[in-house]
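Colleague: Predicted model and sequence follow; I will ask about them next.
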Amino acid sequence: MTTDAPSDSPDRSPITPGWKTLAVVAVFYLGCLVVATWPAFATFSTTLPWRVDPLAHLWTMRWNKACLMEGKLPFVCPDIQYPVGAALGTLPPMHFQTLLYVPLSFVFDDIVCYNIIRTCSFLLTGLGTFLLIWNVVKSRLAATLGGMTAMIGTPMLYFSHGELEQITVGWFPIFLIAWLRWVDRPSFRGLAACVGLYALVAMSAPYFGVFAVFPATLYVAWKAIGAGWSGIGPWLRARVGWFAAFGAVTLPLLVVLFSNQIWSLTHGYSMARPEAEFALCRAPLWGYLVPTPVNLLSKALWFDTYIQKDVGSVPSYLGVVTLALIAYAAIGRVRFARGAYWWALLALLVVLSLGAYAKVGDVEVSLPAAWLKKYFVGFRMIRVPARFNLFASVAAAVVAAAGLRHLLAKLPSRPARVAAFGALAAVALADLSTVPYLTIDLPTMPACYEVIQKADPAATFVDVPQFNSGAFQLPALCTYWQSFHGGKTSAGYTAFLNGHYDNLLYYNSPFDAFKLARPGYLASPESESFELAQGMDFRSYTWLYLKVHGLRYVVVHQRPGSFPEFAVHLDRLKELLQGAKVFEDEATVVYDRDRLPAPSKPVLLYAEGWGDRTLKDNRRACMLDKAARVHVYNPTPNRPLTFRMEATANKRARAVALKSEGKELARWNVDPEGRASLDSPPFRLAAGLHELTIESDGEDPPYRVDSVRTGSHAPFSLWASEIGLSPAPEVPSVADRPKGDARR
């Protein structure tokens with residue numbers, strides 16, 4: 001263990017070595033970034049990093065700009081994931097990135113704007129780390145190398161492919177400079193600096209607002225302990241008022257910054273992350289030590305370094321130069337200011353990045369991240385504890401720079417020190433570079449939207465293949481295109497799954513991409529299954545689905561590469577909808593709902609009140625609210641119908657009634673054990689659209705929150721695993737017949 005440098009008194013020196021130095025370092029970092037991400041800069045004006053997130057980030061920044069320009073609240077956008085709408089709290093807020101985007105967007109197109117912001121995020125990370133290291137070791141060469149390794153380290157390059165907000169790390173080290181100085185010597189000026197810089201950290205990424213608490217708290221604890229048993233009380237009493245002031249000023253700022261998230265939570269959007277996802281997304285310890293396949297060094301190793309074979313693992317490789325310098329600092333017991341704190345911080349951030357559990361043989365051992373997930377409110381919405389590796393790379397750069405400063409001091413002349421720096425920088429650049437850095441061309445918006453909207457300004461679209469609200473390429477593209485055509489589309493990609501949308505429109509969709517990927521789907525369109533609905537006629541079901549949800553046009557995307565996740569079979573779908581076609585080009589085919597024939601058979605669509613899905617007794621099941629709706633179209637008013645459902649009560653027996661316009665059509669008692677087949681007595685409905693309601697006498701929360709994909713705590717009444725509607729033998733009308741009591 002190393003010890004602190006002799007001088008550990010409050011630092012009153014300047015925080016920068018001079019603006020000329022910063023300018024030279026920035027130019028050097030830009031050159032390193034060009035090399036490390038080649039050929040991204042060669043296609044700076046035409047391509048984006050290869051992932052779907054940049055499209056969602058661009059849409060969010062465009063939405064934020066529109067709200068600023070038009071003076072409207074940004075809480076929800078009703079035009080994507082239509083007709084539900086997308087709560088902006090389920091997307092990264094992109095506060096700091098929007099501040100850059102707005103002025104840039106008046107000069108450049110979106111691709112150039114995005115790449116400028118991405119480049120600025122890299123440079124800010126490098127320069128912020130440079131400033132932190134310079135304040136610790138007061139060596140320009142050591143700080144320059146440390147800032148470079150943090151800037152192009154594996155965590156930064158890995159996340160830069162899709163998560164623009166996650167690579168805006170640079171405000172964190174600058175905040176840490178101000179925090180350390182303020183804790184050592186509290187003042188109003190220091191308080192203002194800490195509040196402002198912490199706000200910038202939180203504006204960069206919500207994760208960072210949570211993560212920055214740990215280095216800050218660790219320093220307070222380290223300084224308090226350093227005061228000794230007799231001094232800890234006076235030290236804390238002298239600062240507790242300052243810390244309270246920091247919290248009192250910061251909390252209202254955070255409420256304003258994250259008002260979108262607060263709005264979403266108060267309007268029923270689940271923003272909890274399932275424990276299974278949290279446990280999966282980790283940065284294993286060996287990932288800090290072993291290069292990834294894209295690193296040059298990995299090609300010289302005798303074993304496979306493909307970290308992603310360990311599913312969910314996030315690469316964190318620090319680089320051979322950084323690792324060697326850390327080892328040198330440890331073995332040589334290198335002394336530097338606050339050395340014990342920096343070593344402790346590095347260990348803390350690495351441990352937190354390891355995730356929820358570690359395996360020791362066949363035994364899983366819980367780690368601090370799991371405890372925080374359980375007991376710390378701020379951690380409830382964290383999905384990827386591995387992202388602590390971004391902060392860990394900054395702390396590692398500080399320790400490595402201390403080792404480099406000590407090493408350079410042993411060299412006899414400045415030319416020798418510069419030569420050593422140059423050699424180490426060249427090795428680090430070659431080792432950490434991700435070449436080729438993958439990018440994609442941004443497809444042009446299909447012409448169909450403009451063509452249809454000219455004929456029908458109120459047009460609404462369902463974009464097909466239809467995916468859920470997760471990270472798929474086509475929904476991300478359609479989300480971005482929506483910011484140009486301004487229409488209403490079912491497509492939309494949100495960082496948190498939008499359970500309102502998925503439950504209402506996706507799982508029961510006839511255009512579900514996963515259904516369309518099955519070779520046998522639509523082989524018998526007269527009797528097809530749509531999740532829980534059994535034996536439905538495809539054309540009738542599609543008409544009802546579009547009618548109920550107010551979706552007029554079906555846009556089938558057929559441009560190669562639009563949905564690379566898996567093969568989708570569109571030929572049978574297009575054949576069945578052929579009579580409703582109103583537009584076609586190489587990119588899309590568009591069908592008009594109003595050209596589809598009205599259903600010729602009774603058909604139903606389950607919609608509102610049908611909640612999260614999961615597996616129960618090895619079958620897909622849906623959680624029903626206390627009142628759940630079923631939309632029915634009946635073309636034959638003189639023909640009686642029978643409603644059927646397979647269901648199990650949640651936790652306790654339930655009395656369940658089927659109603660139409662307040663009239664009870666059936667009543668059942670449903671037990672929590674086994675699966676009941678609920679069949680209604682025959683009933684009649686007039687011709688046209690109707691709404692049935694399944695009403696239970698109570699509801700309870702789920703046993704296990706993490707059994708629900710969205711992590712919802714919402715109570716429910718029944719598990720439903722099948723639903724259907726069929727003609728029945730002739731019976732008296734509802735008004736004439738006695739009420740029945742159908743039981744299992």
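Modeller: That came through, no problem.

Colleague: Give the burial count for the closest residue to P234 other than its chain neighbours, as a bare number.
Modeller: Leaving aside its chain neighbours, P234 sits nearest to A227 (7.6 Å; criterion: Cβ to Cβ, 6 or more residues apart in numbering). To be clear about C-beta, it is placed using only N, CA and C from the backbone, and glycine gets the same treatment. For A227, the neighbour count with other Cβ atoms under 10 Å is 13.

Colleague: For stretch 652-661, which residues meet the burial criterion?
Modeller: By neighbour count on 16 or more other Cβ atoms under 10 Å, the buried set for stretch 652-661 is R654, V656, L658, K659, S660.

Colleague: want to try CSV for those residues, with secondary structure and distance to L253 as columns?
Modeller: Output for the buried residues of stretch 652-661, formatted as CSV (DSSP: H, G, I helix; E, B strand; the rest coil; distance: Cβ to Cβ, whole Å):
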residue, secondary structure, distance to L253
R654, strand, 47
V656, strand, 49
L658, strand, 51
K659, strand, 49
S660, strand, 52
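
Colleague: Just name the closest of those residues to Y341, please.
Modeller: Taking Cβ to Cβ as the measure, Y341 lies nearest R654 of the buried residues of stretch 652-661, at 57.9 Å.

Colleague: Any stretches of the stretch 301-450 of the chain with poor pLDDT?
Modeller: 302-312 (pLDDT under 70).

Colleague: Check the chain too.
Modeller: Looking at the chain by pLDDT under 70, you get 1-12, 272-274, 302-312, 703-713, 730-744.

Colleague: and the longest helix for it?
Modeller: What stands out as the longest helix in the chain, according to DSSP state H, is helix 110-137.

Colleague: Check which helices and strands the following helix or strand past that one is in contact with.
Modeller: Going down the chain from helix 110-137, the next helix or strand is helix 140-151, by DSSP states H and E. Packing partners of helix 140-151 (3 or more Cβ pairs under 8 Å, 6 or more residues apart in numbering; DSSP states H and E): helix 19-36, helix 110-137, helix 320-331, helix 388-408, helix 414-432.

Colleague: which residues are contacting the following helix or strand past the shortest one?
Modeller: By that I understand helix 320-331. Per DSSP H and E, the first helix or strand lying C-terminal to helix 320-331 is helix 339-353. The contact list for helix 339-353, computed with Cβ atoms under 8 Å, 6 or more residues apart in numbering, reads 1-5, 136, 214-215, 218-219, 222, 282-283, 285, 288, 316, 336, 367-369, 372, 385-389, 391-392, 395-396, 398-399, 402.

Colleague: Weed out the non-buried ones from those.
Modeller: Neighbour-count burial (16+ other Cβ under 10 Å) applied to these gives 2, 136, 214-215, 219, 282-283, 288, 316, 336, 367, 369, 372, 385-389, 391-392, 395-396, 398-399, 402.

Colleague: Run a quick neighbour tally on Q473.
Modeller: Using other Cβ under 10 Å, Q473 has 19 other residues around it.

Colleague: That one contacts R559, doesn't it?
Modeller: No. Contact criterion Cβ atoms under 8 Å: Q473 and R559 do not qualify, at 11.3 Å.

Colleague: now the helices: where do they sit in the stretch 451-600 of the chain?
Modeller: Remark: helices assigned in the stretch 451-600 of the chain by DSSP state H, counting those that start in this stretch are 473-485, 499-501, 513-516, 538-548, 571-576.
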